[in-house]
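Colleague: Could you look at this predicted model? Sequence included:
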Amino acid sequence: MRPDGRDVRLSVSALRLGAHMSIAGGLHTALERGAAAGCAVVQLFTKANRNWSPPRPLVEEELAAWFATRERTGVEPAMAHDSYLINVGSPKAADWNKSFAALAEEYERCGLLQIPYLVMHPGAHLGSGESAAIARIATAIDRLHQEQPQNATVVLLENTAGQGTNVGYRFEHLRDLLGAIEDPARAGVCIDTCHTYAGDYDLTTAAGWEETFRTFDELVGVEAIRAFHVNDSKKPLGSRVDRHEHLGRGQMGLTPFRCLVSDERFVGLPMALETPKSTSSADSINLEILRALAGRSRLTARAKRLAGQDLELEPVS
């Protein structure tokens, strides 16, 4: 956005917009689903994300299907997300070791699939204190780098909403995490808009957006931001509750998303929806909202109209 309030006139084609996609039926199907929804990029899990069962090793046929589909669709697998079960902030040695093993496995799979970024929730301290958890998380990332020195995938620490004892809901936590990692060039940050708002950073006005990222820049440096999760919030400012909503239908409104896709600092970064899959067209509509807002100094009638559609009526097939 320009200080004088005029439209930036960013090209929509310069934006790398997409969504998290299911891998049901094979990893390559996430790329096919992304193409059908109009995604330039996708996020995916490289394995089942809610159980500890180790995945089958990636075999030649799977890798061939993956790279062929990537070439055919033109959809970029910009980032994977690690399992929600992983907690390398845990003070319990057995749990930490189990979590690290799972994280290392996912990191290796990302390398084989040539996925640029692996997004991870930093972890929860479980009563041991934030500083202690930050040290354990940094140790885990350092060990990943030491054990897989040729892996080109960059680990992105996602800011959290701050539920329970999760760290990462304050920008200071991200600063301290990156500062504790021995090779910070192999790490970065993924900003989730819902989590930012739930963590008590008010993005709902243009001034609030600028203040939030001025603060981030002072504490961490905006160059550390490599990707965004684009979500509205069901819960209010500072709630520290992680509940995603369709764009413009939650507590945040459309202004933060206009600011995001009109902010020259973030053009070219992958921006992935993690909004509800309440209808078969939900991702497409949310992506169209972002495109209608790109480069604008004010909300557009088209974006408002799209955000007003009822996405609860059409069942997902």
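Modeller: Received it, and whenever you're ready, just let me know what you need.
Colleague: Strands of the stretch 51-200 of the chain, start to end?
Modeller: 76-81, 117-120, 123-124, 154-158, 166-167, 187-192 (DSSP state E, counting those that start in this stretch).
Colleague: Please identify the pairing partners of the first one and their relative orientation?
Modeller: Going back to what we said before, that points to strand 76-81. strand 41-44 (parallel), strand 117-120 (parallel) (DSSP bridges).
Colleague: Other residues contacting it?
Modeller: Strand 76-81 is contacted from outside by 16, 18, 20, 30-31, 40-46, 49, 70, 106, 109-110, 113-120, 156, 190, 227, 270, 272, using CB atoms under 8 Å, 6 or more residues apart in numbering. The way it works is simple: take the backbone N, C-alpha and C, and place the C-beta from them, glycine included.
Colleague: ChimeraX command for the buried members of those?
Modeller: What follows is the ChimeraX syntax selecting those of the contacts of strand 76-81 that are buried according to 16 or more other CB atoms under 10 Å:
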select :16,18,20,30,31,40,41,42,43,44,45,46,49,70,106,109,110,113,115,116,117,118,119,120,156,190,227,270,272
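Colleague: got the CA coordinates for the longest helix belonging to the chain in CSV?
Modeller: Ranked by number of residues, the top helix in the chain under DSSP state H is helix 93-113. These are the backbone C-alpha positions of helix 93-113, laid out as CSV (Å, rounded to 0.1, in the frame of the first residue of the first chain):
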residue,chain,number,x,y,z
ALA,A,93,11.9,-36.8,27.3
ALA,A,94,9.9,-39.7,25.8
ASP,A,95,7.4,-37.3,24.2
TRP,A,96,10.1,-35.0,22.9
ASN,A,97,12.0,-37.9,21.3
LYS,A,98,8.8,-39.2,19.7
SER,A,99,7.9,-35.8,18.4
PHE,A,100,11.4,-35.2,17.0
ALA,A,101,11.4,-38.5,15.2
ALA,A,102,8.1,-37.7,13.6
LEU,A,103,9.3,-34.2,12.7
ALA,A,104,12.5,-35.5,11.2
GLU,A,105,10.5,-38.0,9.1
GLU,A,106,8.3,-35.2,7.7
TYR,A,107,11.3,-33.0,7.0
GLU,A,108,12.9,-35.8,5.1
ARG,A,109,9.7,-36.4,3.0
CYS,A,110,9.6,-32.7,2.2
GLY,A,111,13.2,-32.9,0.9
LEU,A,112,12.3,-35.9,-1.3
LEU,A,113,9.2,-34.1,-2.7
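Colleague: Return the set of buried residues in stretch 100-110.
Modeller: Going by neighbour count (16+ other CB under 10 Å), the buried part of stretch 100-110 is F100, A102, L103, A104, E105, E106, Y107, E108, R109, C110.
Colleague: likewise stretch 262-275?
Modeller: By 16+ other CB under 10 Å, the buried positions in stretch 262-275 come out as S262, D263, F266, V267, L269, P270, M271, A272, L273, E274, T275.
Colleague: Of the residues you listed, which belong to strands?
Modeller: P270, M271, A272, L273 (DSSP state E).
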